[in-house]
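Asks: One predicted model, sequence on top.
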Amino acid sequence: MELGQQLLLPVLDAGPGALLWGHAATHWWGFGRFRAFPVHVTRPRNGTRTPHVGIVHVTRHLDPALDATVHRGIPIVRPERLLLWLARADTERYGHDIGALRLERTLDHAWRERLVDGHRIHDLAARCSGKGNSGIVILRQLLESRPPDYRPTDSNLEKRWEEVIGTLARSFRRQVTLGDDAPIGRFDQVHVDRPLVVEIHSEKHHTMPSDVADDEDRADRLVDAGFAVVIYWEYDIWHDASTVRRTLGAILSQPHEARIHRPTRAPHLALPVPDAPNDP
């Protein structure tokens, strides 16, 4: 029997209104690191059928219109509601600090994979506030720094850049698509108040001739559209944090100019060190 059939059977067995729940539901959504078994199911309080398969929970606070859906053929609780449940479960098991850390990783993973809708999870936090759910405190704390249009970093390199520039990171949005009728592309960091784009290039993906040509074309199109473009390299982010902070601060303090800023030399443009002359 396929996994989907094994998860659907307990839902059907629990009767009308039943939904896949708990770790089985997080596994089916693709949250990562959660096992599907044993299968947990939730159903309305007025269910009359005696279930024989799976572990059944009776819940009062699920709203069928807001908290339920069908995913890959199985009636299931929505990801946002499962995250609130995980917040409570991890808090009760590990305590507040570790529970918050675990939920933060799961939340960002689900958000990055577009399993979570930012507006839905903020609405959930608002309507569940004050209902005695111990997980709501952690969830609301995490959402303070994650507005509805929040997007987690797509790479450790972006995360490191945000750590390097500190509080300045609050003025940037991640992975923003620019261009109206003809999109120029999606860019690593875009300033929220001024036409400024920061690109963070890894040596692996941005030093081949074809990559360089594509990057130059994107940057030129941004400048033509009125943007300033700042290009940092992987080495700078990991090994020259002071230069990154200093140069970005200087650019932000200057009047806007649509141009390309290259605070450090690109690896593929670096000149080789000449051989030392032979001693006479």
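Replies: Structure received. Numbers count the residues shown, from 1 in each chain.
Asks: all helices of the stretch 101-250 of the chain, in order?
Replies: 118-128, 135-144, 156-165, 203-206, 209-224, 234-239, 241-253 (DSSP state H, counting those that start in this stretch).
Asks: which residues are contacting the last one?
Replies: Here helix 241-253 makes contact (Cβ atoms under 8 Å, 6 or more residues apart in numbering) with 161, 164-166, 168, 196, 198, 228, 230, 232, 236-237, 261, 263-264. (Glycine included, C-beta is placed from N, CA and C.)
Asks: Mean pLDDT, distance to Val70 and mean neighbour count added to the helices of the stretch 101-250 of the chain, as TSV?
Replies: Compiled in TSV, those are given as follows (pLDDT from 0 to 100; distance: least, Cβ to Cβ, whole Å; neighbours: other Cβ atoms under 10 Å):
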stretch	mean pLDDT	distance to Val70	mean neighbour count
helix 118-128	92	16	16
helix 135-144	90	24	18
helix 156-165	85	34	17
helix 203-206	77	38	12
helix 209-224	88	40	14
helix 234-239	87	43	17
helix 241-253	93	46	15
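Asks: Would you tell me which of the ones you listed gets closest to Ala36?
Replies: helix 135-144 (21.6 Å; Cβ to Cβ).
Asks: Just list what that closest one packs against, helices and strands only.
Replies: The helices and strands touching helix 135-144, judged by 3 or more Cβ pairs under 8 Å, 6 or more residues apart in numbering; DSSP states H and E, are helix 79-94, helix 96-112, helix 118-128.
Asks: any idea which of these scores lowest on pLDDT?
Replies: Sorting those by mean pLDDT places helix 96-112 lowest, at a mean of 86.
Asks: how close does the nearest residue to Cys128 once chain neighbours are set aside get to Pro147?
Replies: Distances taken as Cβ to Cβ, 6 or more residues apart in numbering place Ile136 nearest to Cys128, at 5.5 Å, with adjacent residues excluded. Using Cβ to Cβ, to the nearest Å, Ile136 is found at 18 Å from Pro147.
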